[in-house]
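**Student:** structure for the following, please:
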Amino acid sequence: MNSRGSRRPAASGLELEARRAVQARDAGLRRISAVTRWLAAGVVALSGALALIAAGGFRGHTVASSAALSVGSAAQTPTPSPASGVQAPSQAPVQTPAAPVVVSGGS
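**Tutor:** Predicted coordinates:
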């Protein structure tokens with residue numbers, strides 16, 4: 001008997017082809033997984049860059065401190081500007097006594 005124990009029979013041609021196919025499949029899965037990870041990281045980086053560009057391009061309103069707002073609002077009352085075209089309503093809105101109509105189903 002052999003000192004190494006029982007010997008495995010040599011693999012047939014079909015078994016070798018199957019192993020190669022499995023190894024090729026596994027290598028392809030590893031490659032596509034790496035590509036997917038790189039694409040996801042690229043998309044996240046690109047969307048972050050676009051968000052920074054958009055934030056820099058569209059300036060918002062500045063926020064004043066609450067102390068400055070209270071002093072400014074007490075000093076002057078807001079009046080509609082003739083340049084803005086906005087006028088105060090001539091009469092306050094009145095609540096109607098009728099209940100709202102709701103239609104469901106449509107048939």
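**Student:** run a quick neighbour tally on residue 87.
**Tutor:** 9 (other Cβ atoms under 10 Å). C-beta coordinates here come from the backbone N, C-alpha and C atoms, glycine included.
**Student:** how close does residue 60 get to residue 51?
**Tutor:** Distance of residue 60 to residue 51, computed by Cβ to Cβ, to the nearest Å: 14 Å.
**Student:** what about those two, which has more around it?
**Tutor:** Neighbours per residue, other Cβ under 10 Å: of residue 60 and residue 51, the larger number sits with residue 51, 10 against 6.
**Student:** so which strand or helix has that one?
**Tutor:** helix 13-57 (DSSP states H and E).
**Student:** report the rounded mean pLDDT for that helix.
**Tutor:** Across helix 13-57, the average pLDDT comes to 94.
**Student:** could you list every helix and strand in contact with it?
**Tutor:** Of the remaining helices and strands, none touches helix 13-57 by 3 or more Cβ pairs under 8 Å, 6 or more residues apart in numbering; DSSP states H and E.
**Student:** tell me the secondary structure for residue 94?
**Tutor:** coil (DSSP: H, G, I helix; E, B strand; the rest coil).
**Student:** mind listing what it touches?
**Tutor:** Contact analysis of residue 94 by Cβ atoms under 8 Å, 6 or more residues apart in numbering lists nothing.
**Student:** and the gap between residue 42 and residue 49?
**Tutor:** 10 Å.
**Student:** and for the two, which residues touch both?
**Tutor:** Going by Cβ under 8 Å, 6+ apart, no residue sits against residue 42 while also sitting against residue 49.
**Student:** which strand or helix spans residue 97?
**Tutor:** Applying DSSP H and E, one finds residue 97 in no helix or strand.
**Student:** no further questions, thank you.
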